[in-house]
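> Have a look at this fold, sequence not included:
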């Protein structure tokens, strides 16, 4: 796979040098190698969810750390004749408690779920199979196997095993593991700083009145919200720069202080699409410009003089939404120390046929539908990459491969659940 990755990088470099549009895969392959993880620091367990682990977490003892009862019942010394005789109850053990003493094979202790099974007992008979006699003894109704209803010490994990590898994006279920091994101070990677800039003389802010040809700036505020959701805190919003070379250059220079600069608008080939020239004037080295993908073909990626990553997105909102998740998010996660950062698809059948007139790879907005117990991918009708209202009804996107014109209903596609929470109003 490393050979394939190197080949992708070499192909991408050659195509970029020839000023030829590269594929989505080649674009990622040309940028990912220059992204480096940030330094590590320590945060408290309470605030670690959403961060990326900087060092392996090991089991500090066996899990379970003792023979643990799996359900309420009676602990016995197994003989295989448990239904043939009465048992004398010689004690009770609750979780966190202990019992010490001698026991015969006709003795038992009452024991609760989660408690430690004391020696010499080796089997637990569930309480539903026990009947109390008037003299206080217990009789069991069904035979059991030796060791039944006991989780053996270390059967889940042995002491010293890696529980969470470095580079893992931590979620609440990881917090449970960290807690169980006493990892209160957690080493995680710092997040890179990110600057966000919108360009375009037609833009006003959401709190301003939009009249005539003016439109409100949705792209920047989507990016700010998406960065926050991803766990980024050091975010600098640079506002809106009109289509004026001097003012765009000024804003770019301000943004180049950050590890990442995300721009929207002005990267295509129109008369006012001057952002690539402005970036060049600021010393940004072009890595690529134009990717064979829809939406968002005129993506620009460069490297700042200080080693930061600069990404210019087209002004169409759907292109910004899609490529934040499919292109920018992998770069941000790798810079944050993640070892897994590429979007992971799910193979699902199409509900209806889907077309691709672009010739390049197409990421089509879609929603998941359930019919007769089967989940299918349904394309959401859209008026193009400016139709962000339709995009907001989507669970994610599915991929129509490069060069594919039509996919029939039932064809299995790679679906990326980049927006969906997979909630339902069905009972």
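Received the coordinates, thanks. Note that the coordinates shown come from a computational prediction; the quantities given were computed from them, not determined experimentally.
> and residue 191, what does it touch?
Applying Cβ atoms under 8 Å, 6 or more residues apart in numbering to residue 191 gives the contacts 38, 51, 231, 232, 233, 234, 335, 336. (C-beta placed from N, C-alpha, C; glycine too.)
> most distant residue from the middle of the protein?
residue 135 (59.7 Å; Cα atoms, centre = their mean).
> hey, where'd the helices end up in this protein?
Taking DSSP state H as the test, the helices found in the chain are 2-17, 24-31, 172-180, 219-229, 245-255, 275-281, 317-323, 329-335, 388-391.
> Would you format those as JSON lines with mean neighbour count and mean pLDDT included?
Formatted as JSON lines, those follow (neighbours: other Cβ atoms under 10 Å; pLDDT from 0 to 100):
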{"stretch": "helix 2-17", "mean neighbour count": "14", "mean pLDDT": "52"}
{"stretch": "helix 24-31", "mean neighbour count": "21", "mean pLDDT": "94"}
{"stretch": "helix 172-180", "mean neighbour count": "14", "mean pLDDT": "95"}
{"stretch": "helix 219-229", "mean neighbour count": "18", "mean pLDDT": "95"}
{"stretch": "helix 245-255", "mean neighbour count": "18", "mean pLDDT": "96"}
{"stretch": "helix 275-281", "mean neighbour count": "19", "mean pLDDT": "94"}
{"stretch": "helix 317-323", "mean neighbour count": "25", "mean pLDDT": "92"}
{"stretch": "helix 329-335", "mean neighbour count": "22", "mean pLDDT": "97"}
{"stretch": "helix 388-391", "mean neighbour count": "16", "mean pLDDT": "80"}
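> can I get those in a markdown table with distance to residue 143?
Listed next are those as a markdown table, based on distance: least, Cβ to Cβ, whole Å:
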| stretch | distance to residue 143 |
| --- | --- |
| helix 2-17 | 57 |
| helix 24-31 | 60 |
| helix 172-180 | 35 |
| helix 219-229 | 55 |
| helix 245-255 | 74 |
| helix 275-281 | 78 |
| helix 317-323 | 61 |
| helix 329-335 | 54 |
| helix 388-391 | 62 |
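> Minimum distance to residue 405: which of those has it?
If you check each of the helices of the chain against residue 405 by Cβ to Cβ, helix 24-31 wins as the nearest, at 17.7 Å.
> what's next to stretch 97-117, contact-wise?
Against stretch 97-117 from outside (Cβ under 8 Å, 6+ apart): 66-77, 79, 85-96, 118, 120-121, 124-125, 138, 150.
> what is the mean pLDDT for that stretch?
The predicted model gives stretch 97-117 an average pLDDT of 95.
> my read: residue 259 touches residue 190, true?
No: using Cβ atoms under 8 Å, residue 259 makes no contact with residue 190, being 9.8 Å away.
> list the residues that contact both of those two?
With Cβ under 8 Å, 6+ apart, residue 259 and residue 190 have common neighbours residue 38.
> out of the helices of the chain, nearest to residue 58?
Closest among the helices of the chain, once you apply Cβ to Cβ, is helix 172-180, at 10.8 Å.
> And the closest one, how far out from the chain middle?
Taking Cα atoms, centre = their mean, to the nearest Å, the mean C-alpha location of helix 172-180 is offset from the chain mean by 16 Å.
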